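A.B. asks: Kindly return the folded structure for what I paste below:
(one chain, ligands or ions: 1)
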Amino acid sequence: MNLIPRLSRFAARHTACRWLALNKGRGVVSFSFDDVPASACHQGAVLLELYQARGSFYICGSLTDGMEQNQVCHSVEDLKRLIENEHEVGCHTYSHMNCANVSSDALVRDWEKNQTFFSQHGISNHGFAFPFGAYDLGSKLAAQKRFAYSRITGGGTQTGRADLSALRAQSLYSANTNVDALDALIKHTASEGGWLILYSHEVSENPGPWGTTPELLETALRIATQESCHILPVRKAIDFFLS
Ligand SMILES: [Zn+2]
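C.D. replies: Purely as a prediction, here's the structure:
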């Protein structure tokens, strides 16, 4: 990476922050899915519901009823079922756009296209996840004007405070998740009263590099439950920390 993108990312990370205090004394774990493959809406949502939990699903309207990485994507009916069952549906741009170093006009046009898609189907959304976790100061500021929060990627548990304009998230990918490390991360979240946001894509017995098996997803749900963490969609987690 050359110097200018690194400086841009540094500026984006350390300015225009909207801090949320994480001081409730109880840990929160949020489960999120990006893009979103149909399997996340089916196996993923069903597993969450078995644990009385709900998730956050970040949608690109251009992927609805389509395919991505050989995965069947969600349908409009899948989104309606998620909402009926009190999951959160959020925006992930319309075209899965890399938001870093894009003109604000192009970004706003793309967001509006996704908003039109949501409106056509009566879906309200308030949260945003940056595709690829890619953002810069311009896109961070633009998202701040439009969404209640923005989620990035970049792992770990947030303790003490979290930036509502760049909420960190830890990948839950079977290809690179060590169960002992996941266990330690959730225990740390519980003991520190922090907030761990996990994200994945498909939920499949044979996931690609960016997906999880049902077994790993259930392991995370089980540990979070055993550690008495609240399991909340991102938007509801914010309400909890603000309450
Ligand atoms: Zn994505």
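
A.B. asks: Show me what residue of this protein gets nearest to the ion.
C.D. replies: Asp34 (3.8 Å; C-beta to the ion). C-beta coordinates here come from the backbone N, C-alpha and C atoms, glycine included.

A.B. asks: for this protein, longest strand please?
C.D. replies: strand 28-35 (DSSP state E).

A.B. asks: still on that earlier bit, which one is the residue of the chain closest to the ion nearest to, not counting chain neighbours?
C.D. replies: Tyr58 (4.9 Å; C-beta to C-beta, 6 or more residues apart in numbering).

A.B. asks: Which helix or which strand is home to that neighbour?
C.D. replies: Tyr58 is located in strand 56-59, with elements delineated by DSSP states H and E.

A.B. asks: Starting from that strand, tell me which strands it pairs with and how they run.
C.D. replies: Sheet pairing here is set by DSSP bridges, and for strand 56-59 it gives strand 28-35 (parallel), strand 88-91 (parallel).

A.B. asks: Pull it out as PDB, backbone CA atoms only.
C.D. replies: The C-alpha coordinates for strand 56-59 follow below in PDB (Å, rounded to 0.1, in the frame of the first residue of the first chain):
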ATOM      1  CA  SER A  56     -28.100  -7.900  10.900                       C
ATOM      2  CA  PHE A  57     -28.100  -8.500   7.200                       C
ATOM      3  CA  TYR A  58     -26.400  -5.900   4.900                       C
ATOM      4  CA  ILE A  59     -28.000  -6.000   1.400                       C
END
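
A.B. asks: can that strand be found next to the ion?
C.D. replies: No - using C-beta under 5 Å from the ion, strand 56-59 stays clear of the ion, with a minimum separation of 7.0 Å.

A.B. asks: Do a quick rundown of the strands in the chain.
C.D. replies: Using DSSP E, the strands found in the chain span residues 19-22, 28-35, 56-59, 67-68, 71-72, 88-91, 127-129, 149-151, 160-163, 170-171, 195-200, 230-231.
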